[in-house]
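**Q** Structure, please.
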Amino acid sequence: MNILFLGDIVGSSGRDIVFQYLKQLQTEYAIDFTIANAENSAHGKGISFKIYERLLKEGVNCITMGNHSFSKKEIIPHLAQMNDMVVPYNFLEELHQGYKIYDVLGQKLCVINLLGSALMHPNRLDPFVSLEEILNKTKADLYFVDMHAEATSEKRLMAEYFKDRLIALVGTHTHVQTADERIIGNLAFISDVGMCGAYESIIGRDIDEMIKAMIKHEKTRYEIALGPAVLSACVIRVDQEMKKAIDIKRIQIRPY
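**A** The predicted structure is shown next:
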(Lines give C-alpha, C1' and ligand atoms only; values in the text may rest on other atoms or scores of the structure.)
Protein backbone atom coordinates (compact mmCIF):
# COMPACT_ATOMS: atom_id res chain seq x y z
CA MET A 1 0.00 0.00 0.00
CA ASN A 2 1.30 3.44 -0.95
CA ILE A 3 0.06 6.48 0.97
CA LEU A 4 0.65 10.07 -0.15
CA PHE A 5 0.58 12.80 2.48
CA LEU A 6 0.54 16.47 1.47
CA GLY A 7 1.89 18.99 4.00
CA ASP A 8 -0.07 22.06 5.16
CA ILE A 9 -1.84 23.62 2.18
CA VAL A 10 -1.54 27.40 2.60
CA GLY A 11 -3.80 29.74 0.64
CA SER A 12 -4.47 29.88 -3.09
CA SER A 13 -0.84 29.31 -4.11
CA GLY A 14 -0.79 26.11 -2.07
CA ARG A 15 -4.06 24.90 -3.51
CA ASP A 16 -2.94 25.65 -7.07
CA ILE A 17 0.29 23.66 -6.82
CA VAL A 18 -1.54 20.71 -5.27
CA PHE A 19 -4.07 20.72 -8.10
CA GLN A 20 -1.21 20.99 -10.60
CA TYR A 21 0.83 18.02 -9.36
CA LEU A 22 -1.55 15.72 -7.47
CA LYS A 23 -2.51 13.41 -10.33
CA GLN A 24 1.10 13.22 -11.47
CA LEU A 25 2.30 12.20 -8.01
CA GLN A 26 -0.48 9.66 -7.58
CA THR A 27 0.47 8.03 -10.89
CA GLU A 28 4.24 8.20 -10.39
CA TYR A 29 4.13 6.58 -6.95
CA ALA A 30 1.15 4.26 -7.57
CA ILE A 31 -0.73 5.88 -4.70
CA ASP A 32 -3.58 3.95 -3.08
CA PHE A 33 -4.67 6.60 -0.58
CA THR A 34 -4.08 10.37 -0.32
CA ILE A 35 -4.20 12.52 2.81
CA ALA A 36 -3.76 16.30 2.88
CA ASN A 37 -3.51 18.74 5.76
CA ALA A 38 -5.73 21.69 4.79
CA GLU A 39 -6.09 23.71 7.99
CA ASN A 40 -4.55 26.75 6.27
CA SER A 41 -6.11 26.27 2.85
CA ALA A 42 -8.61 29.16 3.06
CA HIS A 43 -6.42 32.29 3.00
CA GLY A 44 -4.07 30.88 5.61
CA LYS A 45 -6.53 30.06 8.38
CA GLY A 46 -9.13 27.31 8.26
CA ILE A 47 -10.96 25.74 5.35
CA SER A 48 -14.15 26.49 3.44
CA PHE A 49 -16.73 23.96 2.32
CA LYS A 50 -15.97 24.86 -1.30
CA ILE A 51 -12.26 24.09 -0.84
CA TYR A 52 -13.13 20.87 0.99
CA GLU A 53 -15.23 19.72 -1.96
CA ARG A 54 -12.58 20.71 -4.51
CA LEU A 55 -9.83 18.78 -2.70
CA LEU A 56 -11.94 15.63 -2.68
CA LYS A 57 -12.87 16.11 -6.33
CA GLU A 58 -9.19 16.41 -7.27
CA GLY A 59 -8.35 13.10 -5.59
CA VAL A 60 -7.69 13.69 -1.89
CA ASN A 61 -9.29 10.90 0.17
CA CYS A 62 -8.95 12.37 3.66
CA ILE A 63 -8.33 15.91 4.94
CA THR A 64 -6.60 16.50 8.27
CA MET A 65 -6.66 19.81 10.13
CA GLY A 66 -5.06 21.55 13.13
CA ASN A 67 -5.32 24.50 15.51
CA HIS A 68 -7.09 26.63 12.85
CA SER A 69 -9.75 24.00 12.19
CA PHE A 70 -12.69 26.29 12.98
CA SER A 71 -11.23 29.65 11.92
CA LYS A 72 -13.78 29.84 9.10
CA LYS A 73 -17.09 29.69 10.96
CA GLU A 74 -18.92 29.26 7.65
CA ILE A 75 -18.12 25.54 7.75
CA ILE A 76 -20.11 24.92 10.94
CA PRO A 77 -23.44 24.34 9.12
CA HIS A 78 -21.64 21.96 6.73
CA LEU A 79 -19.77 19.82 9.27
CA ALA A 80 -22.26 16.96 9.05
CA GLN A 81 -21.48 16.72 5.32
CA MET A 82 -17.71 16.96 5.73
CA ASN A 83 -17.26 13.28 6.50
CA ASP A 84 -13.76 13.08 5.08
CA MET A 85 -12.33 15.86 7.26
CA VAL A 86 -10.59 14.84 10.48
CA VAL A 87 -10.12 17.50 13.16
CA PRO A 88 -7.68 16.96 16.07
CA TYR A 89 -9.22 14.44 18.46
CA ASN A 90 -7.83 16.23 21.52
CA PHE A 91 -9.12 19.66 20.46
CA LEU A 92 -11.82 20.71 22.92
CA GLU A 93 -14.35 21.90 20.37
CA GLU A 94 -17.79 20.48 19.61
CA LEU A 95 -19.04 18.92 16.39
CA HIS A 96 -15.96 17.20 15.03
CA GLN A 97 -14.44 13.78 14.48
CA GLY A 98 -10.85 13.11 15.51
CA TYR A 99 -10.32 10.02 13.40
CA LYS A 100 -11.89 8.08 10.56
CA ILE A 101 -11.53 4.50 9.39
CA TYR A 102 -11.32 3.80 5.65
CA ASP A 103 -11.36 0.57 3.66
CA VAL A 104 -8.19 0.54 1.55
CA LEU A 105 -7.09 -2.51 -0.44
CA GLY A 106 -9.08 -4.81 1.82
CA GLN A 107 -7.73 -3.39 5.08
CA LYS A 108 -9.05 -0.86 7.55
CA LEU A 109 -6.91 2.28 7.69
CA CYS A 110 -7.56 4.61 10.62
CA VAL A 111 -6.48 8.23 10.02
CA ILE A 112 -5.99 10.18 13.25
CA ASN A 113 -5.39 13.90 13.82
CA LEU A 114 -3.84 15.21 17.04
CA LEU A 115 -2.62 18.53 18.45
CA GLY A 116 0.71 18.71 20.25
CA SER A 117 1.18 20.17 23.73
CA ALA A 118 4.13 22.54 23.46
CA LEU A 119 3.40 26.13 22.37
CA MET A 120 0.05 25.12 20.93
CA HIS A 121 -3.63 25.94 21.42
CA PRO A 122 -4.37 25.69 25.18
CA ASN A 123 -7.82 24.26 24.53
CA ARG A 124 -6.69 20.66 24.12
CA LEU A 125 -6.19 17.36 25.96
CA ASP A 126 -2.93 15.43 26.34
CA PRO A 127 -2.08 13.90 22.93
CA PHE A 128 -0.49 10.76 24.39
CA VAL A 129 -3.55 9.96 26.49
CA SER A 130 -5.81 10.78 23.54
CA LEU A 131 -3.99 8.49 21.11
CA GLU A 132 -4.00 5.65 23.63
CA GLU A 133 -7.75 6.10 23.97
CA ILE A 134 -8.30 5.89 20.22
CA LEU A 135 -6.12 2.80 19.85
CA ASN A 136 -7.98 1.05 22.65
CA LYS A 137 -11.49 1.78 21.42
CA THR A 138 -11.12 1.23 17.67
CA LYS A 139 -10.56 -1.82 15.50
CA ALA A 140 -8.38 -1.16 12.48
CA ASP A 141 -5.52 -2.89 10.69
CA LEU A 142 -3.40 0.21 10.17
CA TYR A 143 -3.15 3.49 12.09
CA PHE A 144 -1.86 6.72 10.52
CA VAL A 145 -1.32 9.85 12.67
CA ASP A 146 -0.99 13.48 11.59
CA MET A 147 0.45 15.18 14.67
CA HIS A 148 -0.07 18.91 14.31
CA ALA A 149 2.56 20.21 16.70
CA GLU A 150 5.27 22.81 17.19
CA ALA A 151 8.01 20.83 18.94
CA THR A 152 9.99 18.28 16.93
CA SER A 153 10.99 16.58 20.18
CA GLU A 154 7.36 15.94 21.11
CA LYS A 155 6.63 14.42 17.70
CA ARG A 156 9.70 12.18 17.91
CA LEU A 157 8.77 11.06 21.42
CA MET A 158 5.26 10.22 20.23
CA ALA A 159 6.76 8.11 17.43
CA GLU A 160 9.09 6.24 19.78
CA TYR A 161 6.33 5.55 22.30
CA PHE A 162 3.83 4.24 19.73
CA LYS A 163 6.32 2.76 17.23
CA ASP A 164 4.86 -0.75 17.39
CA ARG A 165 1.21 0.29 17.04
CA LEU A 166 1.21 2.76 14.14
CA ILE A 167 2.28 2.59 10.50
CA ALA A 168 2.97 6.33 10.29
CA LEU A 169 3.35 9.45 12.38
CA VAL A 170 3.93 12.57 10.32
CA GLY A 171 4.31 16.07 11.69
CA THR A 172 2.57 19.19 10.44
CA HIS A 173 2.15 22.82 11.59
CA THR A 174 5.64 24.41 11.26
CA HIS A 175 5.43 24.55 7.44
CA VAL A 176 9.17 23.78 7.26
CA GLN A 177 10.07 20.39 5.83
CA THR A 178 12.54 18.46 7.97
CA ALA A 179 15.13 16.02 6.66
CA ASP A 180 14.71 13.38 9.36
CA GLU A 181 12.43 10.90 7.60
CA ARG A 182 13.04 7.36 8.81
CA ILE A 183 11.47 4.09 9.90
CA ILE A 184 11.07 3.73 13.68
CA GLY A 185 9.81 0.31 14.68
CA ASN A 186 6.74 -0.33 12.55
CA LEU A 187 6.10 3.29 11.62
CA ALA A 188 7.29 5.84 9.09
CA PHE A 189 8.25 9.15 10.71
CA ILE A 190 9.09 12.70 9.73
CA SER A 191 9.06 15.66 12.14
CA ASP A 192 7.36 17.96 9.65
CA VAL A 193 6.24 17.29 6.10
CA GLY A 194 6.42 21.02 5.26
CA MET A 195 3.92 23.15 3.38
CA CYS A 196 2.31 23.59 0.01
CA GLY A 197 2.37 27.36 -0.33
CA ALA A 198 4.10 30.46 -1.68
CA TYR A 199 7.86 29.86 -1.88
CA GLU A 200 8.83 33.52 -1.29
CA SER A 201 7.10 33.91 2.06
CA ILE A 202 7.40 33.51 5.82
CA ILE A 203 5.91 30.03 6.10
CA GLY A 204 3.22 31.10 3.66
CA ARG A 205 2.64 34.61 4.99
CA ASP A 206 3.51 37.82 3.11
CA ILE A 207 7.10 38.92 3.90
CA ASP A 208 6.48 42.69 3.91
CA GLU A 209 3.46 42.32 6.16
CA MET A 210 5.47 40.19 8.59
CA ILE A 211 8.28 42.78 8.72
CA LYS A 212 5.76 45.50 9.56
CA ALA A 213 4.06 43.35 12.20
CA MET A 214 7.02 41.67 13.89
CA ILE A 215 9.88 44.16 13.54
CA LYS A 216 8.21 47.56 13.18
CA HIS A 217 5.34 46.59 15.52
CA GLU A 218 2.74 48.06 13.21
CA LYS A 219 -0.86 46.95 13.24
CA THR A 220 -1.38 44.89 10.09
CA ARG A 221 -3.93 42.68 8.43
CA TYR A 222 -3.01 39.01 8.13
CA GLU A 223 -1.86 38.54 4.53
CA ILE A 224 -1.02 35.32 2.73
CA ALA A 225 1.84 35.51 0.22
CA LEU A 226 1.08 34.98 -3.44
CA GLY A 227 3.21 33.76 -6.31
CA PRO A 228 4.94 30.50 -7.29
CA ALA A 229 4.63 27.79 -4.66
CA VAL A 230 6.57 24.91 -3.20
CA LEU A 231 4.90 21.51 -2.79
CA SER A 232 5.98 19.45 0.21
CA ALA A 233 4.82 15.88 0.72
CA CYS A 234 5.89 12.36 1.56
CA VAL A 235 5.08 8.89 0.27
CA ILE A 236 4.89 6.01 2.72
CA ARG A 237 5.06 2.39 1.59
CA VAL A 238 3.33 -0.15 3.83
CA ASP A 239 3.72 -3.92 3.98
CA GLN A 240 0.07 -4.92 4.39
CA GLU A 241 0.81 -8.47 5.50
CA MET A 242 3.28 -7.38 8.19
CA LYS A 243 1.21 -4.25 8.99
CA LYS A 244 4.28 -2.04 9.10
CA ALA A 245 5.84 0.78 7.10
CA ILE A 246 8.86 -0.23 5.05
CA ASP A 247 9.79 3.06 3.38
CA ILE A 248 9.20 6.81 3.54
CA LYS A 249 10.22 9.19 0.77
CA ARG A 250 10.31 12.95 1.26
CA ILE A 251 9.13 15.04 -1.70
CA GLN A 252 9.68 18.72 -2.36
CA ILE A 253 8.86 20.45 -5.64
CA ARG A 254 10.21 24.01 -5.75
CA PRO A 255 9.23 26.61 -8.36
CA TYR A 256 12.90 27.34 -9.13
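**Q** Report the next helix or strand after the lowest-mean-pLDDT helix or strand in the chain in sequence order.
**A** Ranked by mean pLDDT, DSSP states H and E, the weakest helix or strand in the chain is helix 207-210, scoring a mean of 92. Beyond helix 207-210 on the C-terminal side, the first helix or strand identified by DSSP states H and E is strand 229-239.
**Q** what mean pLDDT would you report for that following strand?
**A** Averaging pLDDT along strand 229-239 yields 98.
**Q** Which neighbours in the sheet does that strand have, and how are they oriented?
**A** Here strand 229-239 is paired, per DSSP bridges, with strand 2-6 (antiparallel), strand 195-198 (antiparallel), strand 244-253 (antiparallel).
**Q** residue ranges of the strands in the stretch 51-200 of the chain, please?
**A** For the stretch 51-200 of the chain, strands defined by DSSP state E, counting those that start in this stretch occupy the ranges 62-64, 85-86, 99-104, 107-115, 142-148, 168-172, 182-184, 187-190, 195-198.
**Q** ok so, going back, single out the most deeply packed of the strands paired with strand 229-239.
**A** The highest mean neighbour count among those, using mean count of other CB atoms under 10 Å, belongs to strand 195-198: a mean of 30. For glycine as for every other residue, the C-beta is placed from the backbone atoms N, C-alpha and C.
**Q** what distance separates that one from the centre of its chain?
**A** 12 Å (CA atoms, centre = their mean, to the nearest Å).
**Q** Residue 209 - how many residues pack around it?
**A** With neighbours defined by other CB atoms under 10 Å, the count for residue 209 comes to 18.
**Q** residues contacting it?
**A** Neighbouring residues of residue 209 by CB atoms under 8 Å, 6 or more residues apart in numbering: 220-223.
**Q** Select only the buried ones of those residues in ChimeraX?
**A** In ChimeraX syntax, the buried subset of those is picked out as below (16 or more other CB atoms under 10 Å):
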select :223
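**Q** Among the strands paired with strand 229-239, which comes closest to residue 104?
**A** Residue 104 lies closest to strand 2-6 among those, at 8.4 Å (CB to CB).
**Q** hmm, who's touching the helix or strand that that closest one is followed by?
**A** As assigned by DSSP H and E, the chain's next helix or strand after strand 2-6 is strand 8-9. For strand 8-9, the external contacting residues (CB under 8 Å, 6+ apart) are 14-15, 18, 36-41, 55, 66, 172-173, 175, 193-197, 204.
**Q** which strands and helices sit next to the helix or strand just after strand 8-9?
**A** Per DSSP H and E, the first helix or strand lying C-terminal to strand 8-9 is helix 11-28. On a contact count with 3 or more CB pairs under 8 Å, 6 or more residues apart in numbering; DSSP states H and E, helix 11-28 meets strand 2-6, strand 8-9, strand 33-37, helix 49-58, strand 195-198, strand 229-239, strand 244-253.
**Q** what sits against the residue minimising distance to the centre of the chain?
**A** Nearest to the mean C-alpha position of the chain, counting by CA atoms, centre = their mean, stands residue 37 at 3.1 Å. By CB under 8 Å, 6+ apart, the residues touching residue 37 are 5-9, 63-66, 146, 148, 172, 193.
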